[in-house]
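>>> What follows is a predicted structure for the sequence shown.
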Amino acid sequence: MSAPVHDVGQLPDGRVFYAMKFVEGPRLVAIAIFGLAIGLVLAYLVAMSPDPKTGEHYYAQIMIPGAIVGLLVGYATARYGGKTAASAA
């Protein structure tokens, strides 16, 4: 998803500006946080299973990487994901 730049210039005080078409869509942070939440939930479901040998649960060792993966996937989806056929219609 890209928006074309319509104008570029310099303000009287020396700051540079550019004007682009406003693009509607979900916010990047909201989608990344949603990915984080989904990653945590799925990792928690996996972490609930005890180790067959010791019977221990490894919540932190499973949930932290799961949350990081969820956050990265959510960010990548929001940042680089294209329009689907349903949203393009």
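Perfect, I can see it now. Numbering: from 1, shown residues only.
>>> can you give me the helices for the protein?
Assigned by DSSP state H, the chain shows helices spanning 28-47, 59-80, 85-88.
>>> wait, which of those helices is closest to residue 17?
Each of those has some distance to residue 17 by CB to CB; the shortest is helix 28-47, at 22.0 Å. To be clear about C-beta, it is placed using only N, CA and C from the backbone, and glycine gets the same treatment.
>>> re earlier: mind checking which of the helices of the chain is nearest residue 53?
Closest among those, using CB to CB: helix 59-80, at 15.0 Å.
>>> Quick check: buried residues in that closest one?
Across helix 59-80, burial judged by 16 or more other CB atoms under 10 Å covers 62-63, 66-67, 69-71, 73-75, 78.
>>> again, but for stretch 7-23
Result for stretch 7-23 [16+ other CB under 10 Å]: no buried residues.
>>> Please state the offset of it from the chain centre?
28 Å (CA atoms, centre = their mean, to the nearest Å).
>>> Mean confidence (pLDDT) on it, please.
The pLDDT scores in stretch 7-23 average 84.
>>> picking up where we left off before, any idea which of the buried residues of helix 59-80 the model trusts least?
residue 78 (80).
>>> nearest residue to that residue other than its sequence neighbours?
Among residues not flanking residue 78 along the chain, residue 31 sits closest, at 3.6 Å (CB to CB, 6 or more residues apart in numbering).
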